[in-house]
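Chemist: quick one, fold the following:
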Amino acid sequence: LQLGAAAIINIKAGRVGGYLEALAIHDRCRAAGIPVWCGGMLETGIGRAANAALAALPGFLLPGDISASARFYNRDIVTAPAVLEDGHVRVPTGPGLGVEIDEAALDAFTVHR
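Modeler: So this is what the prediction gives:
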């Protein structure tokens, strides 16, 4: 940022050390007037909920890489998987990350305890 070498920053929480680091990068970029966008990978509904909340911050001015769960999974491990609504994924509003774990799905996918 000090060198002016970036016009846009992609923030992937998993690559930058977690959501606290992602928030710090967002804040620093916002203060410098650099827009950011949220990158995702193959997250389950838990990770998608966290990324949707991150991408809802004011410095995220470009579309994020957050898609419907069904794009990668036939069955997710949350009771209300992420879906696209007019090209957008809704930010969950429940307690914590805003999603509930589908215990039956989690049990079905668990290989070892």
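
Chemist: only C-alpha atoms for contact and neighbour calcs from this point on.
Modeler: OK.

Chemist: now for residue 91: which residues touch it?
Modeler: Taking Cα atoms under 8 Å, 6 or more residues apart in numbering, we find residue 91 in contact with 49, 52, 53, 56.

Chemist: of these, closest to residue 67?
Modeler: Within the contacts of residue 91, the smallest distance to residue 67 is 9.6 Å, found for residue 52 (Cα to Cα).

Chemist: hang on, the earlier thing: now for the contacts of residue 91, which pair is the farthest apart?
Modeler: Most distant of the contacts of residue 91, by Cα to Cα, are 49 and 56, 10.7 Å apart.

Chemist: quick one, which of these two is more surrounded?
Modeler: residue 49 (25 against 15; other Cα atoms under 10 Å).

Chemist: what about that one, which SS state?
Modeler: For residue 49, the assignment made with DSSP: H, G, I helix; E, B strand; the rest coil gives helix.

Chemist: do residue 106 as well
Modeler: With three-state DSSP as the basis, residue 106 sits in helix.

Chemist: what's stretch 93-112 in contact with?
Modeler: Contact partners of stretch 93-112, identified using Cα under 8 Å, 6+ apart, comprise 45, 46, 49, 50, 75, 76, 77, 78, 79, 80, 92.

Chemist: in helices, which of those residues fall?
Modeler: 45, 46, 49, 50 (DSSP state H).

Chemist: now do the contacts for the second one.
Modeler: Think residue 46. Per Cα under 8 Å, 6+ apart, neighbours of residue 46: 77, 78, 97, 99.

Chemist: now residue 75, nearest residue through space, not along the chain?
Modeler: Distances taken as Cα to Cα, 6 or more residues apart in numbering put residue 105 closest to residue 75, at 7.4 Å, once the chain neighbours are dropped.

Chemist: alright, that wraps it up for me.
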